[in-house]
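Asker: Predicted coordinates and the sequence they were generated for:
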Amino acid sequence: MGIGTESLHQWVRRAKADADHRAGVTSSESERIRRLERENRVLGAATSLAVAHMRPSRAAHP
């Protein structure tokens, strides 16, 4: 078939999880988790930036 055994094993495992034949995360759930983790990173960076701008500058108050 020209497919590596590990690739085939992962496909079967993912298909079983998607079909709810075994405990696991479905492909759609996995994609949602990736999107939410990416969103959390962006929001965390934005929060850090906002907090940094809210702190008084030490140079302004010697």
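Answerer: Right, received. Where do you want to start?
Asker: separation between the closest residue to T26 other than its chain neighbours and A50?
Answerer: Of all residues not flanking T26 in the chain, D18 sits nearest, at 4.8 Å (CB to CB, 6 or more residues apart in numbering). Just so you know, the C-beta spots here come from the backbone N, C-alpha and C atoms, and that holds for glycine as well. Separation of D18 from A50 (CB to CB, to the nearest Å) stands at 40 Å.
Asker: before we move on, what about G2?
Answerer: 52 Å.
Asker: of these two, who's got more company?
Answerer: Here G2 and A50 are compared on neighbour count by other CB atoms under 10 Å; more neighbours surround A50, at 9 against 3.
Asker: Same question for whichever helix or strand that one is part of: list its buried residues.
Answerer: Counting by DSSP states H and E, the element that carries A50 is helix 27-54. For helix 27-54, burial by neighbour count (16 or more other CB atoms under 10 Å) applies to no residue.
Asker: Brilliant, that's me finished.
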